[in-house]
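Enquirer: Only the shape, not the letters, is given here:
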(Lines give C-alpha, C1' and ligand atoms only; values in the text may rest on other atoms or scores of the structure.)
Protein backbone atom coordinates (compact mmCIF):
# COMPACT_ATOMS: atom_id res chain seq x y z
CA UNK A 1 0.00 0.00 0.00
CA UNK A 2 1.43 3.36 -1.08
CA UNK A 3 0.02 6.40 0.74
CA UNK A 4 0.95 9.93 -0.33
CA UNK A 5 -0.06 13.17 1.42
CA UNK A 6 -0.52 16.56 -0.26
CA UNK A 7 -1.73 20.01 0.81
CA UNK A 8 -4.28 21.94 -1.27
CA UNK A 9 -5.41 25.50 -0.55
CA UNK A 10 -9.02 26.67 -0.91
CA UNK A 11 -10.77 26.85 -3.26
CA UNK A 12 -10.68 23.16 -4.11
CA UNK A 13 -11.50 22.09 -7.65
CA UNK A 14 -14.74 20.21 -8.33
CA UNK A 15 -13.09 16.80 -8.71
CA UNK A 16 -11.28 17.09 -5.38
CA UNK A 17 -14.43 18.33 -3.66
CA UNK A 18 -16.30 15.32 -5.02
CA UNK A 19 -13.65 12.95 -3.67
CA UNK A 20 -13.69 14.55 -0.21
CA UNK A 21 -17.50 14.52 -0.17
CA UNK A 22 -17.51 10.81 -1.01
CA UNK A 23 -14.97 10.20 1.79
CA UNK A 24 -17.21 12.03 4.27
CA UNK A 25 -20.28 10.11 3.11
CA UNK A 26 -18.48 6.78 3.52
CA UNK A 27 -17.37 7.69 7.06
CA UNK A 28 -20.84 9.00 7.94
CA UNK A 29 -22.49 5.73 6.92
CA UNK A 30 -19.97 3.75 8.97
CA UNK A 31 -19.85 5.94 12.10
CA UNK A 32 -23.36 7.44 12.14
CA UNK A 33 -21.72 10.85 12.47
CA UNK A 34 -22.02 13.75 10.00
CA UNK A 35 -18.61 14.92 8.74
CA UNK A 36 -19.30 17.05 5.67
CA UNK A 37 -19.93 20.33 7.49
CA UNK A 38 -17.17 19.99 10.08
CA UNK A 39 -14.79 19.25 7.20
CA UNK A 40 -15.83 22.54 5.51
CA UNK A 41 -16.88 20.77 2.30
CA UNK A 42 -19.78 23.20 1.61
CA UNK A 43 -17.40 26.20 1.51
CA UNK A 44 -14.09 24.65 0.44
CA UNK A 45 -14.79 25.46 -3.22
CA UNK A 46 -15.39 29.17 -2.58
CA UNK A 47 -12.84 31.90 -3.29
CA UNK A 48 -14.21 33.70 -0.21
CA UNK A 49 -13.03 30.92 2.13
CA UNK A 50 -9.56 31.08 3.65
CA UNK A 51 -8.25 27.62 4.40
CA UNK A 52 -6.69 24.42 3.12
CA UNK A 53 -6.96 20.64 3.15
CA UNK A 54 -4.39 17.93 3.65
CA UNK A 55 -5.31 14.90 1.56
CA UNK A 56 -4.06 11.32 1.94
CA UNK A 57 -4.21 9.23 -1.25
CA UNK A 58 -3.95 5.50 -1.74
CA UNK A 59 -1.84 5.73 -4.87
CA UNK A 60 -2.55 2.13 -5.86
CA UNK A 61 -6.30 2.79 -5.85
CA UNK A 62 -6.04 6.46 -6.92
CA UNK A 63 -8.44 7.32 -4.09
CA UNK A 64 -8.66 9.89 -1.27
CA UNK A 65 -8.62 7.86 1.95
CA UNK A 66 -8.13 10.61 4.51
CA UNK A 67 -8.41 14.38 4.82
CA UNK A 68 -7.76 17.13 7.34
CA UNK A 69 -9.42 20.50 6.75
CA UNK A 70 -8.50 23.86 8.32
CA UNK A 71 -10.35 27.16 7.89
CA UNK A 72 -9.84 30.71 9.13
CA UNK A 73 -13.48 31.67 9.49
CA UNK A 74 -13.03 35.28 10.56
CA UNK A 75 -9.80 36.10 8.72
CA UNK A 76 -7.99 36.62 12.04
CA UNK A 77 -5.31 33.93 11.60
CA UNK A 78 -7.16 31.57 13.95
CA UNK A 79 -7.92 28.24 12.29
CA UNK A 80 -10.46 25.55 13.12
CA UNK A 81 -9.60 22.10 11.86
CA UNK A 82 -10.87 18.54 11.81
CA UNK A 83 -10.08 15.28 10.03
CA UNK A 84 -11.66 12.10 8.73
CA UNK A 85 -10.17 8.81 7.54
CA UNK A 86 -11.91 6.11 5.50
CA UNK A 87 -12.99 3.23 7.79
CA UNK A 88 -10.86 0.63 5.98
CA UNK A 89 -7.71 2.77 6.36
CA UNK A 90 -7.81 3.49 10.06
CA UNK A 91 -5.22 2.36 12.62
CA UNK A 92 -2.30 2.54 10.18
CA UNK A 93 -1.15 6.05 11.11
CA UNK A 94 -2.92 8.13 8.48
CA UNK A 95 -4.59 10.34 11.08
CA UNK A 96 -1.28 11.18 12.75
CA UNK A 97 0.32 11.89 9.36
CA UNK A 98 -2.52 14.26 8.46
CA UNK A 99 -2.13 16.17 11.73
CA UNK A 100 1.63 16.50 11.24
CA UNK A 101 1.30 17.94 7.73
CA UNK A 102 -1.60 20.15 8.79
CA UNK A 103 0.50 21.66 11.60
CA UNK A 104 3.21 22.47 9.08
CA UNK A 105 0.56 24.15 6.91
CA UNK A 106 -0.61 26.28 9.82
CA UNK A 107 2.94 27.42 10.51
CA UNK A 108 3.47 28.31 6.84
CA UNK A 109 0.31 30.43 6.89
CA UNK A 110 1.26 32.28 10.07
CA UNK A 111 -1.59 30.91 12.18
CA UNK A 112 -1.81 32.67 15.54
CA UNK A 113 -4.29 30.24 17.07
CA UNK A 114 -6.06 26.96 16.39
CA UNK A 115 -8.95 24.84 17.57
CA UNK A 116 -9.29 21.12 16.86
CA UNK A 117 -12.90 20.05 16.30
CA UNK A 118 -14.12 16.54 17.07
CA UNK A 119 -17.57 15.07 16.48
CA UNK A 120 -18.72 13.54 19.75
CA UNK A 121 -18.28 9.77 19.59
CA UNK A 122 -16.16 9.83 16.42
CA UNK A 123 -13.23 7.36 16.09
CA UNK A 124 -10.67 10.19 15.92
CA UNK A 125 -12.00 11.62 19.15
CA UNK A 126 -10.88 12.56 22.62
CA UNK A 127 -8.06 10.04 23.03
CA UNK A 128 -6.54 10.72 19.60
CA UNK A 129 -6.71 14.51 19.96
CA UNK A 130 -5.27 14.50 23.47
CA UNK A 131 -2.40 12.27 22.33
CA UNK A 132 -1.77 14.83 19.59
CA UNK A 133 -1.14 17.52 22.24
CA UNK A 134 -4.54 19.13 22.75
CA UNK A 135 -6.72 19.76 25.81
CA UNK A 136 -10.50 20.03 25.99
CA UNK A 137 -11.92 23.58 25.91
CA UNK A 138 -15.70 23.53 25.33
CA UNK A 139 -18.52 21.85 23.41
CA UNK A 140 -21.16 23.07 20.99
CA UNK A 141 -24.37 21.34 20.04
CA UNK A 142 -25.58 21.53 16.46
CA UNK A 143 -29.34 21.99 16.46
CA UNK A 144 -31.63 21.65 13.47
CA UNK A 145 -35.22 22.11 12.41
CA UNK A 146 -37.14 22.02 9.13
CA UNK A 147 -37.33 25.12 6.97
CA UNK A 148 -41.03 25.91 6.84
CA UNK A 149 -43.46 28.82 6.47
CA UNK A 150 -44.08 30.56 9.79
CA UNK A 151 -46.73 33.08 10.75
CA UNK A 152 -44.74 36.12 11.87
CA UNK A 153 -45.58 38.65 14.55
CA UNK A 154 -47.03 41.98 13.43
CA UNK A 155 -45.33 44.03 16.14
CA UNK A 156 -41.78 43.02 15.18
CA UNK A 157 -40.41 43.98 11.77
CA UNK A 158 -37.38 42.07 10.46
CA UNK A 159 -35.40 43.51 7.57
CA UNK A 160 -31.92 43.51 6.02
CA UNK A 161 -29.20 45.47 7.79
CA UNK A 162 -28.84 48.91 6.22
CA UNK A 163 -25.82 50.38 7.97
CA UNK A 164 -27.13 50.84 11.52
CA UNK A 165 -23.68 50.07 12.89
CA UNK A 166 -23.86 51.81 16.26
CA UNK A 167 -27.12 50.07 17.20
CA UNK A 168 -25.70 46.66 16.29
CA UNK A 169 -22.47 47.30 18.18
CA UNK A 170 -24.56 48.08 21.28
CA UNK A 171 -26.55 44.86 20.84
CA UNK A 172 -23.47 42.67 20.26
CA UNK A 173 -21.65 44.26 23.19
CA UNK A 174 -24.61 43.76 25.50
CA UNK A 175 -25.34 40.20 24.39
CA UNK A 176 -21.82 38.81 23.84
CA UNK A 177 -19.60 41.19 25.80
CA UNK A 178 -17.67 42.01 22.62
CA UNK A 179 -15.41 45.03 22.32
CA UNK A 180 -16.57 47.63 19.75
CA UNK A 181 -13.81 46.66 17.31
CA UNK A 182 -14.80 42.97 17.62
CA UNK A 183 -18.41 43.87 16.86
CA UNK A 184 -17.33 45.88 13.82
CA UNK A 185 -15.31 42.91 12.54
CA UNK A 186 -18.37 40.68 12.96
CA UNK A 187 -20.54 43.12 11.02
CA UNK A 188 -18.00 43.34 8.20
CA UNK A 189 -17.71 39.56 8.04
CA UNK A 190 -21.47 39.01 7.96
CA UNK A 191 -22.04 41.60 5.23
CA UNK A 192 -19.13 40.83 2.92
CA UNK A 193 -19.35 37.07 2.35
CA UNK A 194 -21.52 35.52 -0.33
CA UNK A 195 -24.56 33.70 1.00
CA UNK A 196 -24.56 35.50 4.37
CA UNK A 197 -27.35 37.94 5.19
CA UNK A 198 -27.44 40.20 8.24
CA UNK A 199 -30.92 40.96 9.60
CA UNK A 200 -32.20 43.41 12.21
CA UNK A 201 -35.41 43.29 14.24
CA UNK A 202 -37.34 46.49 14.97
CA UNK A 203 -39.97 47.04 17.62
CA UNK A 204 -41.70 50.41 17.84
CA UNK A 205 -39.11 51.70 15.38
CA UNK A 206 -36.12 50.72 17.54
CA UNK A 207 -33.57 48.05 16.58
CA UNK A 208 -33.83 45.46 19.35
CA UNK A 209 -32.18 42.35 17.92
CA UNK A 210 -30.21 40.81 15.08
CA UNK A 211 -29.41 37.52 13.40
CA UNK A 212 -27.30 36.36 10.46
CA UNK A 213 -28.30 33.59 8.04
CA UNK A 214 -25.76 31.72 5.89
CA UNK A 215 -26.66 29.53 2.91
CA UNK A 216 -24.91 26.17 2.48
CA UNK A 217 -26.68 24.06 -0.11
CA UNK A 218 -30.09 23.03 1.19
CA UNK A 219 -29.24 24.24 4.70
CA UNK A 220 -29.50 27.74 6.13
CA UNK A 221 -27.27 28.31 9.15
CA UNK A 222 -28.30 30.75 11.87
CA UNK A 223 -25.52 32.61 13.65
CA UNK A 224 -24.86 35.73 15.74
CA UNK A 225 -28.39 35.80 17.17
CA UNK A 226 -28.51 38.61 19.72
CA UNK A 227 -31.17 40.62 21.54
CA UNK A 228 -30.58 43.93 23.31
CA UNK A 229 -30.45 43.25 27.08
CA UNK A 230 -33.25 45.73 27.77
CA UNK A 231 -35.60 43.82 25.46
CA UNK A 232 -34.97 40.27 26.64
CA UNK A 233 -37.99 38.17 27.52
CA UNK A 234 -40.17 39.85 24.88
CA UNK A 235 -39.96 37.09 22.27
CA UNK A 236 -37.47 38.94 20.04
CA UNK A 237 -35.14 35.95 19.76
CA UNK A 238 -38.02 33.60 18.95
CA UNK A 239 -39.27 36.04 16.30
CA UNK A 240 -35.82 36.14 14.67
CA UNK A 241 -35.65 32.34 14.63
CA UNK A 242 -39.15 32.11 13.15
CA UNK A 243 -38.17 34.57 10.45
CA UNK A 244 -35.03 32.53 9.71
CA UNK A 245 -37.14 29.38 9.23
CA UNK A 246 -39.61 31.25 7.03
CA UNK A 247 -36.88 32.89 4.94
CA UNK A 248 -35.09 29.55 4.49
CA UNK A 249 -38.34 27.99 3.29
CA UNK A 250 -38.94 30.79 0.79
CA UNK A 251 -35.35 30.40 -0.44
CA UNK A 252 -35.82 26.69 -1.15
CA UNK A 253 -33.76 25.34 1.76
CA UNK A 254 -34.78 22.16 3.58
CA UNK A 255 -33.27 22.69 7.02
CA UNK A 256 -32.19 25.44 9.40
CA UNK A 257 -29.24 24.69 11.65
CA UNK A 258 -27.26 26.49 14.34
CA UNK A 259 -24.50 25.92 16.87
CA UNK A 260 -24.78 26.72 20.58
CA UNK A 261 -22.46 26.10 23.50
CA UNK A 262 -23.66 23.23 25.67
CA UNK A 263 -23.33 25.31 28.85
CA UNK A 264 -25.56 28.09 27.48
CA UNK A 265 -28.78 26.74 28.98
CA UNK A 266 -30.61 30.03 28.41
CA UNK A 267 -30.02 29.97 24.67
CA UNK A 268 -30.74 26.24 24.46
CA UNK A 269 -34.16 26.86 26.00
CA UNK A 270 -34.96 29.55 23.41
CA UNK A 271 -33.91 27.30 20.52
CA UNK A 272 -35.83 24.30 21.80
CA UNK A 273 -38.99 26.40 22.16
CA UNK A 274 -38.52 27.43 18.52
CA UNK A 275 -38.52 23.77 17.46
CA UNK A 276 -34.78 23.08 17.17
CA UNK A 277 -33.48 19.65 18.20
CA UNK A 278 -29.92 18.43 18.83
CA UNK A 279 -28.38 16.74 15.79
CA UNK A 280 -24.86 16.21 17.07
CA UNK A 281 -22.20 17.67 19.37
CA UNK A 282 -18.81 19.12 18.47
CA UNK A 283 -16.04 19.15 21.07
CA UNK A 284 -13.35 21.84 20.80
CA UNK A 285 -9.73 21.34 21.84
CA UNK A 286 -6.88 23.84 22.14
CA UNK A 287 -3.18 23.26 21.61
CA UNK A 288 -1.26 22.79 24.88
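Expert: It's in. Model, not experiment: these values are computed from the prediction.
Enquirer: what's near enough to touch residue 217?
Expert: residue 42 (CB atoms under 8 Å, 6 or more residues apart in numbering). The C-beta positions use only the backbone N, C-alpha and C, and glycine is treated the same way.
Enquirer: State the distance from it to residue 127.
Expert: Going from residue 217 to residue 127 by CB to CB, to the nearest Å gives 32 Å.
Enquirer: to the chain's geometric centre, what's the distance from stretch 115-123?
Expert: 13 Å (CA atoms, centre = their mean, to the nearest Å).
Enquirer: and for it, what are the contacting residues?
Expert: With contact meaning CB under 8 Å, 6+ apart, stretch 115-123 is reached by 31, 33-35, 38, 78-82, 85, 90, 124-126, 129, 132, 134, 137, 139, 280-287.
Enquirer: do the same with stretch 247-267
Expert: 138-150, 213, 215, 218-223, 225, 244-245, 268, 271, 276, 279, 281-282.
Enquirer: by contact count, what packs against whichever strand or helix holds residue 171?
Expert: Assigned by DSSP states H and E, residue 171 belongs to helix 165-176. Where contact means 3 or more CB pairs under 8 Å, 6 or more residues apart in numbering; DSSP states H and E, helix 165-176 is packed against helix 180-192, strand 206-216, strand 219-227.
Enquirer: quick one: buried residues of the longest strand seen in the chain?
Expert: The longest strand of the chain (DSSP state E) is strand 134-146. By 16 or more other CB atoms under 10 Å, the buried positions in strand 134-146 come out as 134, 140-145.
Enquirer: Stretch 221-234 now?
Expert: Buried positions in stretch 221-234, judged by neighbour count with 16+ other CB under 10 Å: 221-222, 224-228, 231-232, 234.
Enquirer: what would these look like in TSV with distance to residue 107 and pLDDT?
Expert: Putting these into TSV (distance: CB to CB, whole Å; pLDDT from 0 to 100) gives the following:
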residue	distance to residue 107	pLDDT
221	30	95
222	34	96
224	30	94
225	35	95
226	35	95
227	40	95
228	42	94
231	45	94
232	44	92
234	48	93
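Enquirer: Out of those residues, which comes closest to residue 96?
Expert: Distances from residue 96 to the buried residues of stretch 221-234, taken as CB to CB, are shortest for residue 221 (31.4 Å).
Enquirer: excluding its backbone neighbours, what's nearest that closest one?
Expert: Nearest residue to residue 221 in three dimensions, chain neighbours excluded: residue 214, at 4.3 Å (CB to CB, 6 or more residues apart in numbering).
Enquirer: got it, and residue 94?
Expert: residue 66 (4.4 Å).
Enquirer: For the one you found, which residues count as its bridge partners?
Expert: On the basis of DSSP bridges, residue 66 is bridged to residue 56, residue 85.
Enquirer: Could you measure from it over to residue 191?
Expert: Residue 66 is 36 Å from residue 191, by CB to CB.
Enquirer: between these two, who's got more neighbours?
Expert: Set side by side, residue 66 and residue 191 show more neighbours around residue 66, with 25 against 14, by other CB atoms under 10 Å.
Enquirer: Could you check the pLDDT of the more buried one?
Expert: Each residue has a pLDDT score; the one for residue 66 is 98.
Enquirer: Give me the distance between it and residue 41.
Expert: For residue 66, the distance to residue 41 equals 14 Å [CB to CB].
Enquirer: cool, and residue 178?
Expert: Distance from residue 178 to residue 41, by CB to CB: 29 Å.
Enquirer: what about the two, which has more around it?
Expert: Each of residue 178 and residue 41 has its neighbours counted (other CB under 10 Å); residue 41 has more, 23 against 17.
Enquirer: quick one: contacts for that one?
Expert: 17, 20-21, 24, 69.
Enquirer: nearest to residue 58, of those residues?
Expert: Of all the contacts of residue 41, the one with the least separation from residue 58 (CB to CB) is residue 20, at 14.3 Å.
Enquirer: That closest one and residue 26, how far apart?
Expert: 11 Å.
Enquirer: The two: who's more crowded?
Expert: Shown here are residue 20 and residue 26; by other CB under 10 Å, residue 20 has more neighbours (25 against 16).
Enquirer: what helix or strand is that one on?
Expert: helix 14-31.
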